[in-house]
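Peer 1: what follows is a predicted protein model with its sequence.
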Amino acid sequence: MSLSTLLKSEALYRYILDNTLNMQPVQEQMLNQAKNDELSEMITAPDQLQFLQMLMKMINAKKVIEIGVFRGVGTLALALALPDDGQIYACDVDDSNLQEYKKYWHEAKVNQKIKLEIAPAIKTLTNLIESGHSDSFDFVYIDADKSEYYEYYNLSYKLIRKGGLIVLDNMLRGGKVIDASINTPSIEATRAINKFIKADKRVESILTPIGDGLTIVRKI
């Protein structure tokens, strides 16, 4: 997740924000606290969150998975985009970074939509499959351990319905994916999942330069 952008012009990015953002006050309060907390670079940019909300509304998403919660800023945005009877399974291996932020879910009156799953996400996704949730989710947002993206993607594919969307964040890694001198396991994992999705005949996909690179996948 990132509050930065790949755009070269900060002024142009500010123009985009000024002519795009329409956050609720509770979102602004939560984001302002997170921006002043440690590891603020891991917070999803507000324009990206608003884009995810629009995608969800376009497909009338009611059943959602979020892989990677951190402060819960993204969780709040996704929950706000859900109807009253919608639900988001928010998956993270640890909720220590979330404790000071859950209050915003309550203030926004969306806490009843959020099912927090504290466990390795692969275990949570596998449990959902084994308990009969295959082909039933409308939307999955993946923003967690990059080395696990292949597993997250394939498990999510089993859980998503036809016509549903899987969105993967940080697919450009600040441009490192095209730097041949960088061969860390994490960057190589991103390159590999990018190639895998491009070749996956089960889906339609597009890699966009939104945020740090968003890949939008539609199950066909």
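Peer 2: Sure, I can see it.

Peer 1: which neighbours does the strand of greatest length in the chain have in its sheet, and in what orientation?
Peer 2: Within the chain, and with DSSP state E defining each element, the longest strand by residue count is strand 160-168. With DSSP bridges as the test, strand 160-168 is paired with strand 137-142 (parallel), strand 214-219 (antiparallel).

Peer 1: next, the angle from the helix or strand just after that strand to strand 214-219.
Peer 2: Per DSSP states H and E, the first helix or strand lying C-terminal to strand 160-168 is helix 185-199. If you take axes from the mean of the first three to the mean of the last three C-alpha atoms, to 10 degrees, helix 185-199 sits at 40 degrees to strand 214-219.

Peer 1: which parts of helix 185-199 are buried?
Peer 2: Within helix 185-199, the residues that count as buried by 16 or more other C-beta atoms under 10 Å are Ile187, Ala189, Thr190, Arg191, Ile193, Asn194, Ile197. Where you see a C-beta, it was placed from the backbone N, CA and C, and this is true even at glycine.

Peer 1: that one packs against which elements?
Peer 2: Under the contact criterion of 3 or more C-beta pairs under 8 Å, 6 or more residues apart in numbering; DSSP states H and E, the helices and strands touching helix 185-199 comprise helix 149-159, strand 203-208, strand 214-219.

Peer 1: mind running it again at 7 Å?
Peer 2: For helix 185-199, the helices and strands in contact under the criterion 3 or more C-beta pairs under 7 Å, 6 or more residues apart in numbering; DSSP states H and E are helix 149-159, strand 203-208.

Peer 1: for the shortest one, which outside residues touch it?
Peer 2: Pointing back at strand 203-208 there. Strand 203-208 is touched from outside by Met171, Asn194, Ile197, Lys198, Gly213, Leu214, Thr215, Ile216, Val217, Arg218, Lys219, Ile220, with contacts defined as C-beta atoms under 7 Å, 6 or more residues apart in numbering.

Peer 1: need those residues in TSV (columns: distance to Ala108 and pLDDT).
Peer 2: Listed next are these as TSV, based on distance: C-beta to C-beta, whole Å; pLDDT from 0 to 100:
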residue	distance to Ala108	pLDDT
Met171	29	97
Asn194	34	98
Ile197	33	98
Lys198	37	98
Gly213	28	94
Leu214	24	96
Thr215	28	98
Ile216	26	98
Val217	28	98
Arg218	29	98
Lys219	30	98
Ile220	34	98
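
Peer 1: so how do I select the buried members of these in PyMOL?
Peer 2: PyMOL command restricting the contacts of strand 203-208 to the buried ones, with burial defined by 16+ other C-beta under 10 Å:
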select buried, resi 171+194+197+213+214+215+216+217+219
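
Peer 1: report the two of the contacts of strand 203-208 separated the most.
Peer 2: Gly213 and Ile220 (22.2 Å; C-beta to C-beta).

Peer 1: can you redo the contacts of strand 203-208 as a markdown table with distance to Gln87?
Peer 2: A markdown table is the format used below for those (distance: C-beta to C-beta, whole Å):
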| residue | distance to Gln87 |
| --- | --- |
| Met171 | 26 |
| Asn194 | 30 |
| Ile197 | 26 |
| Lys198 | 31 |
| Gly213 | 28 |
| Leu214 | 23 |
| Thr215 | 24 |
| Ile216 | 22 |
| Val217 | 21 |
| Arg218 | 21 |
| Lys219 | 19 |
| Ile220 | 25 |
